[in-house]
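# Please work out how this folds:
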Amino acid sequence: MSQDGLKIKGHAKFVLLDENGKVKDVREAENMIVSAGLATMAQALSLVTNTYVCSGMGIGTGTTGAATGNINLETSAAYVTLTSAGQAATAASAHSVIYTATFDPGVGTGAITEAIVCCAASAYGDKPVGRILNRLTFSVINKGAADTLASTWTIVLADA
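Numbers count the residues shown, from 1 in each chain. Down below sits the predicted model:
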């Protein structure tokens, strides 16, 4: 069986809600799968014990664009545990994985400009210890103290 290659694409959606649940802002963008994310995927496919499991998400205020060598946020604002970790997508897009997280009121407030899906965020002193799946920078989402930021990341695997 011949394999032409594998394409990995990430898509992120952020929804900012005020204290009454009203939508204040919605952002969608494609993100970069970083080298550490590719290594994590390879480890998950191998027979080697998987030390790194994507289980957290982080947001920050850094503005430097994403690069393949990224291992963390540039300037962290908050890390949370995923509310849905590695959930397989529906049959319509069976070659994808969906990660969701919520940054509740008072968590990660400020001018948010970057985000990551990371490994074991809460298990290592609230930091991902150099293993992230992806990173994205975007124009400012102003998250107030009473606001909630919900994030959904979809990672799609397809033939190149």
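
# In this protein, mark out all the strands, start to finish.
Assigned by DSSP state E, the chain shows strands spanning 6-17, 23-33, 54-60, 76-81, 84-88, 96-103, 110-119, 132-143, 148-159.

# Save those strands as TSV, and put in mean pLDDT, distance to T40 and mean neighbour count too.
C-beta here means a position set from N, CA and C on the backbone, and glycine is covered the same way. Formatted as TSV, the entries for these read as follows, by pLDDT from 0 to 100; distance: least, CB to CB, whole Å; neighbours: other CB atoms under 10 Å:
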stretch	mean pLDDT	distance to T40	mean neighbour count
strand 6-17	84	12	17
strand 23-33	88	10	15
strand 54-60	87	7	25
strand 76-81	90	17	20
strand 84-88	60	11	13
strand 96-103	88	12	20
strand 110-119	92	7	24
strand 132-143	92	6	20
strand 148-159	84	11	18
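
# Can you add distance to G69 and give these back as a markdown table?
Converted to a markdown table, the strands of the chain look like this (distance: least, CB to CB, whole Å):
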| stretch | distance to G69 |
| --- | --- |
| strand 6-17 | 17 |
| strand 23-33 | 11 |
| strand 54-60 | 17 |
| strand 76-81 | 17 |
| strand 84-88 | 24 |
| strand 96-103 | 22 |
| strand 110-119 | 13 |
| strand 132-143 | 10 |
| strand 148-159 | 19 |
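
# so which of these gets nearest T68?
T68 sits nearest to strand 23-33 of all the strands of the chain, at 7.0 Å, using CB to CB.
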